[in-house]
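> Need coordinates for the below:
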Amino acid sequence: SYHRLFVAQDDRHRWLRADNIWHTQMERKDPHGRGLPYSDYVDLAFLYNPNIRRVLVIGLGGGTVPKRFVRDYPSVTVDAVEIDPAVISIAKRYFFVKEGSRLKLHEADGRQFLRRTKEKWDLILLDAYYADTVPFFLTTREFFAIVKTHLNPGGVLCNNVIGRVGGPRSAFFRSVYRTMDEVFPQVYAFRVADSGSSWVNIEVFGINGNARLTSAELRKRAVALKGKLIKDDDLLARLNDYIPGPLPTHDVPTLTDDYAPVDKL
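Okay, the predicted model is just below:
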């Protein structure tokens, strides 16, 4: 297991893992505001489905997205699933995560939670990590098929992937992309600006719908929805981080329950 550290530094709270690689952060003066850069990109989901009402978050961390969605989108309700009770405790104690009629916390394994419920959502955010890797069983074709069954028509999966976009160390990202592309009718990816130099956050969206949107159509929707439905001043700039496909995936495996060499990739 690993140790968790809580420190106060400048005007931010940081929750750091012992290897000091992954962390979550919160502005103390705005506990319900934006945190790490990748969390801002989740709002892009509204471009693919403007009618998002029910949101499921797998992997709580500091609760940045659940808190912000509850504040910024009054018609949205959020379920957040977290396997580690210590993370839930820290989120409540230090990161102002408060349950209510529009935010429910569930202590459970994300995959088992989905297998045991019949509920469906409009947006599912996958953001589950431990130490310096991701649970392999949350990366497989079988898992994404389970996720798809819990998305309403037009629903969106937003998968937070840490890796590289290209080059010899991009195999994990491209394997996840290939695997999602075998399950979802449409897949889009965005490289998160300012998320790192060696390893970056890449937000991969799987859409439970057949209508492919071009970059021009996404920008047109963004112009219409920015500041109205979507509460993100930098929405148009984020579209510049779109990774155009099709991506080369011939040299990477589809991830399955029988074969998912996540750590090697």
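> which residues does residue 258 contact?
The neighbours of residue 258, taking CB atoms under 8 Å, 6 or more residues apart in numbering as the test, come to nothing; the list is empty. For every residue, glycine as well, the C-beta is placed using N, CA and C.
> do the same with residue 255
Neighbouring residues of residue 255 by CB under 8 Å, 6+ apart: 136, 139, 140, 141, 175, 176, 179, 262.
> correct me, but residue 242 touches residue 214?
No - checked against CB atoms under 8 Å, the pair residue 242 and residue 214 is beyond contact range at 10.4 Å.
> Which one of the two is surrounded by more residues?
Regarding residue 242 and residue 214, a neighbour count based on other CB atoms under 10 Å identifies residue 242 as having more, with 15 against 8.
> thinking again about what came up before, list residues touching both of residue 242 and residue 214?
Shared contacts of residue 242 and residue 214, defined by CB under 8 Å, 6+ apart, are not found at any residue.
> so what's the closest residue to residue 46 other than its chain neighbours bridging to?
Nearest residue to residue 46, sequence neighbours excluded (CB to CB, 6 or more residues apart in numbering): residue 230, at 4.9 Å. Assessed by DSSP bridges, residue 230 has beta-bridge partners residue 226.
> and residue 230, how many neighbours?
The local packing count at residue 230 equals 20, with neighbours defined by other CB under 10 Å.
> go on, residue 263?
Counted with other CB under 10 Å, residues neighbouring residue 263 total 10.
> if I read this right, it contacts residue 133, doesn't it?
Yes - counting by CB under 8 Å, a contact exists between residue 263 and residue 133, whose distance comes to 5.8 Å.
> from what I can see residue 238 touches residue 44, true?
Yes - look at residue 238 against residue 44 with CB under 8 Å: they come within range, at 6.3 Å.
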